[in-house]
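> After the sequence you'll find the predicted model.
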Amino acid sequence: MTQRMLLVNGPNLNLLGTREPATYGTDTLEDVIDLVQSTAADFGFEVRAVQSNHEGVLIDAIHAAREDCAAIIINPGAFTHTSIALRDALTGVDLPVAEVHLSNVHAREEFRHHSYISAVAECVIVGAGIQGYEFAVRRLARLLPKN
Ligand code: CA2
């Protein structure tokens, strides 16, 4: 059976490629999804992609992953720095998590330096632009047992 990865993008990431290119680059969310899908396919994984500006929708998508996903790639957007609920959802499903940030959050404002998610992630990739999502897929594919 084909294994699946859940790709989660949080608030405002639907705007990728339309504004703030100096911080977030010029690639769109569609480019991110294409990159994740094509990288995952090289390792025999399908991808379900979810983007929402609403915390509860993201939590529901994470809960649903328990049924049919082997791993989660997440850029929680600004919820990274605020959401214990998102962290608890990730803990609750007990799947390997890769946390990705397009920008180097550590070189930005102080409030972006802390992540509620990092402590429950297998790996954290920051500042590599959309390539960070590719690294995340490769890392998770390496960690997961072959079926
Ligand atoms: O660097 C990242 O990937 C972030 O997760 C992006 C979040 C930010 O709050 C985090 O601190 C770091 C913001 C996403 C907003 O994305 C936009 C993209 C284009 C135009 C406007 C916003």
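Ah, there it is. Numbering: from 1, shown residues only.

> Contact partners for the nearest residue to residue 76 once chain neighbours are set aside?
Distances taken as Cβ to Cβ, 6 or more residues apart in numbering put residue 10 closest to residue 76, at 4.4 Å, once the chain neighbours are dropped. For glycine as for every other residue, the C-beta is placed from the backbone atoms N, C-alpha and C. Residues in contact with residue 10 (Cβ atoms under 8 Å, 6 or more residues apart in numbering) are 51-53, 58, 74-80.

> confidence score at residue 10?
The model reports residue 10 with a pLDDT of 98.

> So what does it look like in phi/psi?
The phi/psi pair for residue 10 (degrees, to the nearest 10) reads phi -90, psi -160.

> Relative to residue 134, how far out is it?
Going from residue 10 to residue 134 by Cβ to Cβ, to the nearest Å gives 19 Å.

> For stretch 132-147, list the C-alpha coordinates in CSV.
Extracted in CSV, the C-alpha atoms of stretch 132-147 (Å, rounded to 0.1, in the frame of the first residue of the first chain):
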residue,chain,number,x,y,z
GLY,A,132,13.4,23.3,3.3
TYR,A,133,10.3,21.4,2.4
GLU,A,134,12.3,19.1,0.1
PHE,A,135,14.8,18.4,2.9
ALA,A,136,11.9,17.6,5.2
VAL,A,137,10.5,15.0,2.8
ARG,A,138,13.9,13.4,2.4
ARG,A,139,14.5,13.3,6.1
LEU,A,140,11.1,11.7,6.9
ALA,A,141,11.5,9.2,4.1
ARG,A,142,14.8,8.2,5.6
LEU,A,143,13.3,7.8,9.1
LEU,A,144,10.2,5.8,8.1
PRO,A,145,10.4,2.1,7.8
LYS,A,146,10.0,0.7,4.2
ASN,A,147,6.8,-1.1,3.6
